[in-house]
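Novice: Sequence first, predicted coordinates after that:
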Amino acid sequence: MSNLYDLSAQMQDLINLSDDDEMQQAIEDTLELMSEDFDNKVFDIIKLIKNKQSDIVGIDTEITRLSDRKAIIKSGINSVINYIKSNMEKAGKNKLSNELFNLTLAKGRDVLIIDDEDLIPDEFVNVQTIIKPMKKELLAAAKNKDIAGVHVEKSAKSLRIK
């Protein structure tokens, strides 16, 4: 039993030989048998693809589950840290230490809160200009006329599995 690549190459060779009228019927019969073999191999590969796609769905589900679990664990850690911090503040302790850990309540840093962006002076505003081609509109226009800097090509064929 040959693989799909070899089978398609053999079929192509037979199609190229089909110019010979004497062997036409034998070639057609052989091609018909090979075509069934080819079709079966393609459908077996599609079954494999579908199986792998279901694996992807399962992996995505597991990623979501683990991401949710990670967020819960992080939240729990932050809650415990805030619990320790608030109790150290209440007790008036800025430092704690033992042979494993050194804890220090650090002073807060300055944080800027923006109340209204429109009132900020221009000298403190960064203006950004984004230049981005409008591909959908360019494609529609380039189909009808020449536009400098672009051209239209056909993309590669795609395989649709339903």
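Specialist: Perfect, thanks for sending it.

Novice: can we go C-alpha only for contacts and neighbour counts from here?
Specialist: Will do.

Novice: For Ile56, grab the count of nearby residues.
Specialist: When neighbours are defined as other CA atoms under 10 Å, Ile56 has 12 of them.

Novice: repeat for Met11
Specialist: By other CA under 10 Å, the burial measure for Met11, its neighbour count, is 19.

Novice: Do I have it right that it meets Glu32?
Specialist: No - counting by CA atoms under 8 Å, Met11 stays clear of Glu32, with 9.6 Å between them.

Novice: Which pLDDT value belongs to Leu112?
Specialist: For Leu112, the model assigns a pLDDT of 89.

Novice: Pretty sure Leu14 sits against Ala26.
Specialist: No - using CA under 8 Å, Leu14 is not in contact with Ala26, being 10.1 Å away.

Novice: So for the two, which sits in the more crowded spot?
Specialist: Leu14 (16 against 11).

Novice: Strands of this protein, start to end?
Specialist: With strands called from DSSP state E, the chain shows them at 95-97, 102-104.

Novice: Tabulate those strands in a markdown table, adding columns for mean pLDDT.
Specialist: Listed next are the strands of the chain as a markdown table, based on pLDDT from 0 to 100:
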| stretch | mean pLDDT |
| --- | --- |
| strand 95-97 | 92 |
| strand 102-104 | 93 |
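
Novice: Can you give me the buried ones in the helix or strand bottoming out on mean pLDDT in the chain?
Specialist: Least confident element among the helices and strands of the chain, by mean pLDDT, DSSP states H and E: helix 4-17 (a mean of 78). Across helix 4-17, burial judged by 16 or more other CA atoms under 10 Å covers Leu4, Leu7, Met11, Leu14.
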